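Participant: Using only what follows, build the 3D model:
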Amino acid sequence: MPPPRSDWADNPSGDIGAVVPMYLQRGATSRGEDGSALDLVLVDLRRANEMFKIMDFRGAIEGYDRCLRLLSESSDPAEPGVGEMRHKLLCNRAAAWLREDNPREALRDCKSAIEMDGDDPKAHHRGGVASLALDDYGEAIRMLAKSLSLGSKESDAKALLQLSELLARNEETLVELGQSAAGEEVLNALCSCCERLIGVDDDNDCDASEVLEEIVGLVRQNAASKVLFERANLWKAFLFYFTDSYGDEVAALLREIASGPHAVPWPPAVTARLLATLLDASSSDREKERCVDLLQFASSIPAMNSWFLVRPSRHVASLLVGHGEVVVPIHLLCTVMENSSLRATIPASCAEGIVQILLNFCKTPHGADVLAREHIKPIGMLVSMFEDANTLKGAFDELHDPSIPSHFDRISTAEEAEKFLKREKKRMYNSAVIDLKHSILDALKEMVSKKRCLSNEAFIREITPLGKTSIKPSGLLLNLLSLAKQLHSMSPVKSTPVLGQDGTPKEYEKRHFAADFARNPFGDALIDVKDANEETMLHKLVDILIGCCSTRNAAITLCSKNIHSLLRDLSAYATETIVEKTVRLYKCLFLSCQAFVSEILSGEADMVAFTGLMLTGAPELQVGAMNKIIVMLSSCSGDDFAWFTKKGSGLDMCMCLLCHCRSDGESKSFEEYVDSKKSSTSSSKLEVIKLSRSLFLHCLERCRLRSGNKAGVPRGGAWDTFGHSEIIQMEGYLTGKVSHRGSPSEVKSTATSQLGTREGASPPSGRPAALQQGFFGSKKSYRRSSKGKAAAAKKLPSAVQHSGHTEARAEGCGFRESEGMEEGGIVNPCLKCEVLEEETGTLKEEDGVELKVVWDSTPSGDIKKHRTTWANMDQRDKLSWSQSSTEVNAIVKVPKGTKATDVEVVLTPTRLLVKLGWYGRVFDGPLSRRCKASESWWILDGEQIEICIPKDDKHFWRSLFEGGQMKSYYEVLQELVHADEPAQSYEDLPDEAKDLVDELRERQELVSEGLIDPDIFDDFRCVLSDGDGAK
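Facilitator: Below you'll find the model as predicted:
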């Protein structure tokens, strides 16, 4: 158990290393080698410190008494070291007296310690706390201020000083009101209201709600009346009405008194009443929720979270349990969640409030130390609450219901079936528990960001016999890691395409994805999936691990607990945001643990791990990762390559670094820039720059090989961040070759100059002809139609006017060759036609030369408009399909004006391909089940292609393509019912089918009688099975 870090008592064990060894050495020298009396002092001191740690404060006080008595009996007070030891013992005993709620004895010890050493801030601090407990606010202010001026390290010193000043001001206000008629009038009004609440006789007809509202009005009207209310001790009068009927009015009054100007902290009677209601099993859920809300409000007020909720109190104990033991309110509140029997009486909504109370404490500068002083471990407590969330009251009552069968095979009645499916649905997604777990994870994320809070729980500080401090990890980090692995194991899976080296899907595999519902054998029949963009519990838990790794010792501990196995699993998730957070976690681990870096570089790691190492920003770490990635780039999978070239990943970092080098080097080439930096830049950083160049060129080469375009510019991911012209210029800068493949505006300008040269005009100086003869013109004489002349005449003036600005504007915005360019260099022909039309519109007619077009392949304006509209449609809107028991009918929408010669449909037993000649592949993928391709047919009917796909078996399909969007069971059932097929009589059915029909009829009768809820119990999964897995 970790010792208190900072409290009214310092760590007693910490004094041994500084004081005891020196004193014992001197004592042994002066009194003989045995030193028996001093040995007894040391033994008693250690025993007293251990008792203090385990919160046995009475035993600690007795131990310190023995030590002080031995010192006075067997040592000379003038001997060096004796006075210092006595001073420390008095301070420690004062801390123990405070924990026993005996401030008078504590103040006496503190004053004795101050007489021996007036410059000890701890003695002044504990004396100030004792004075505050004795309501001597002036003395408390003086001693606490002195403690701060001496450099006190107690985290709650400032908060306690502010509280003392507040209470001192309230005392002054009370004196002023006692001497004024207005104060006497307010006091009389308050007393009158309380008398009406109590009732002088049974005939008193008093509306408690009106009286309580009147008291709230008086307090709000005159803030100083709060002080009168507290001095008149009117708390018991309205606590009598803290019930279901008047609880809201009383709660409003409590909030009003404890906030705003002249705020009065609640007395122990109020705190005890709130805790008693929470601990009472007979209290209603609403009463408990109200109590937790008030305690949560109190935890957000400095006066309460720095003193009244954390002060050891015999008064609270006497009100709760009826004896004089000391109770700390916050410690008692946490005991509720640690005790399984008490936890079962707390609703989930109250548990969320307790989570917020702990978070409010941890947000304050002194909260972590206050909780550590009470041996409260908020992070560990919340982890346990997360694991035991189902045991809260009403959270999952069905879990232990003996009337519900434990397995589906044991269901014998429809009622049992309904209960069983309700329980299984709740097991997979329990909204109340999920909301609580999200609150817990949000609080954990905040807590681990506080290094003091994390260090107090994640590590145990032990004192060696030589007085040195050793640090050992506790089980907290291992519990967090186990929790993350548990969430991963419960994550659902879905079919995800696996990209080959060419960047196209080559197969499908089941991969985990982040969701708040558990893995579900019933598919989507029982679970309503939330918005996929929301952060799931797994997202937040990875953030918590990232927060832990901000502490170096925590990161080293996690690496030693094999966090790498979890990171490998998270790297393969279908949820991209999980993979991004995994990279961040890798970065934190790499920056804190060199052994983990060596493990990754020497072992088998994936692209995600190397990318995380590369993004650390530390050149000595980046070099090893970049060398590994260069080796992997030529043979890695399409998924790994897509990850490395996505925005914000490795390629993005390389391009940013190279752009900086290019701008910093001004007119120098890449090689000249590197040579110029050798004297002022470290070798590791120069190596990173060189490797960035290699990675950029390797990625560019692979993209071009994949697209088959040796001079193309890739699209998508990090490439889109920089744009066409920037990538071309960067390639020329890195290779040392001047490239003239600029933006499309450069191509247009060059084309114009070349055409002018062929017609007798001189080309612009310094601009070589980039287009070969015959691109826009040839040796033939072109004739332009009258329609073409009119169109060109309209376009030429504006084109000539803005031609001087086109190139600069295109380069500045990263203009690309064509807006129809797809990833890998595939051009959308429809959109390319628009670009070519603009280019022809910029041609000039010089020296009277007339350009004529005898044939124009550009589609008409209407067709081009229809194609553009179709290309901008969502891909899912272009395809629809239905089915019967024998065939599947797919309908593919095409643009208006499409001809049969433009369409190509290729169907194999396992795959469907639909292409348009001017566009390319529209749909191409593996079918969800096998079909009879030889019996298929298709027809173009207006704006749609109808494709008939005969089934290879009579199983109903839930999706057309494997891994595609699946139809619900209800939609498939509708297709089955509306299928226009000859009905087979019951007598002609096989025995197996007859049994199935009988079962369905019986269940439908139960539905009609209201014994089965059709929205929960799905009758149709028995006939709409996924079959035998045939493809």
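Participant: which residues in the protein form strands?
Facilitator: 459-463, 469-473, 493-499, 505-512, 879-883, 887-893, 903-907, 911-916, 920-926, 937-941, 944-950 (DSSP state E).
Participant: Adjacent strands (with direction) for the last one?
Facilitator: Strand 944-950 has these partner strands in its sheet, going by DSSP bridges: strand 887-893 (antiparallel), strand 937-941 (antiparallel).
Participant: Could you single out the most deeply buried of those strands?
Facilitator: Comparing the strands paired with strand 944-950 by mean neighbour count (mean count of other CB atoms under 10 Å), strand 887-893 ranks first with a mean of 18. Just so you know, the C-beta spots here come from the backbone N, C-alpha and C atoms, and that holds for glycine as well.
Participant: List the buried residues of stretch 609-621.
Facilitator: Under the neighbour-count criterion of 16 or more other CB atoms under 10 Å, stretch 609-621 has 609, 610, 611, 612, 613, 614, 615, 616, 618, 619, 621 buried.
Participant: That one spans what distance, first to last residue?
Facilitator: Using CA to CA, to the nearest Å, the end-to-end distance of stretch 609-621 comes out at 12 Å.
Participant: List the contacts of that stretch.
Facilitator: Residues outside stretch 609-621 that contact it (CB atoms under 8 Å, 6 or more residues apart in numbering) are 567-568, 571, 582-587, 590-591, 597, 600-601, 622, 624-626, 628-629, 632, 643-644, 649-650, 653, 682, 684-685, 687-688.
Participant: same check, this time on stretch 277-294
Facilitator: Stretch 277-294 has contacts (CB under 8 Å, 6+ apart) with 242-244, 247-248, 251, 254-255, 274-275, 295, 320, 333, 336, 342, 345-347, 349-350, 353-354, 357, 393-394.
Participant: re earlier: list just the one of the strands of the chain that sits closest to residue 438.
Facilitator: When the strands of the chain are compared by CB to CB, strand 505-512 sits nearest residue 438, at 19.5 Å.
Participant: same for that closest one, what does it pack against?
Facilitator: In terms of contacts (3 or more CB pairs under 8 Å, 6 or more residues apart in numbering; DSSP states H and E), strand 505-512 is packed against strand 493-499.
Participant: What is the neighbour count of residue 679?
Facilitator: 6 (other CB atoms under 10 Å).
Participant: Check what pLDDT it gets.
Facilitator: Each residue has a pLDDT score; the one for residue 679 is 88.
Participant: next one: residue 69
Facilitator: pLDDT at residue 69 comes out at 87.
Participant: how far away is it from residue 255?
Facilitator: Going from residue 69 to residue 255 by CB to CB, to the nearest Å gives 51 Å.
Participant: and these two? which has more neighbours close in?
Facilitator: Using other CB under 10 Å as the criterion, residue 69 and residue 255 rank with residue 255 on top: 16 against 12.
Participant: List the contacts of that one.
Facilitator: Contacts for residue 255 (CB under 8 Å, 6+ apart) come out as 294, 297.
Participant: measure it to residue 722 for me?
Facilitator: Distance of residue 255 to residue 722, computed by CB to CB: 56 Å.
Participant: quick revisit: out of the strands of the chain, flag the one nearest residue 423.
Facilitator: Among the strands of the chain, strand 493-499 comes nearest to residue 423, with 22.8 Å by CB to CB.
Participant: and the angle for that closest one with strand 505-512?
Facilitator: Interaxial angle of strand 493-499 relative to strand 505-512 (axes from the mean of the first three to the mean of the last three CA atoms, to 10 degrees): 150 degrees.
Participant: Partner strands of strand 493-499, with direction?
Facilitator: Strand 493-499 is paired, per DSSP bridges, with strand 505-512 (antiparallel).
Participant: Now do the strand it pairs with: everything it contacts.
Facilitator: 488, 491-500, 569, 572-575, 638, 925-926, 962-963.
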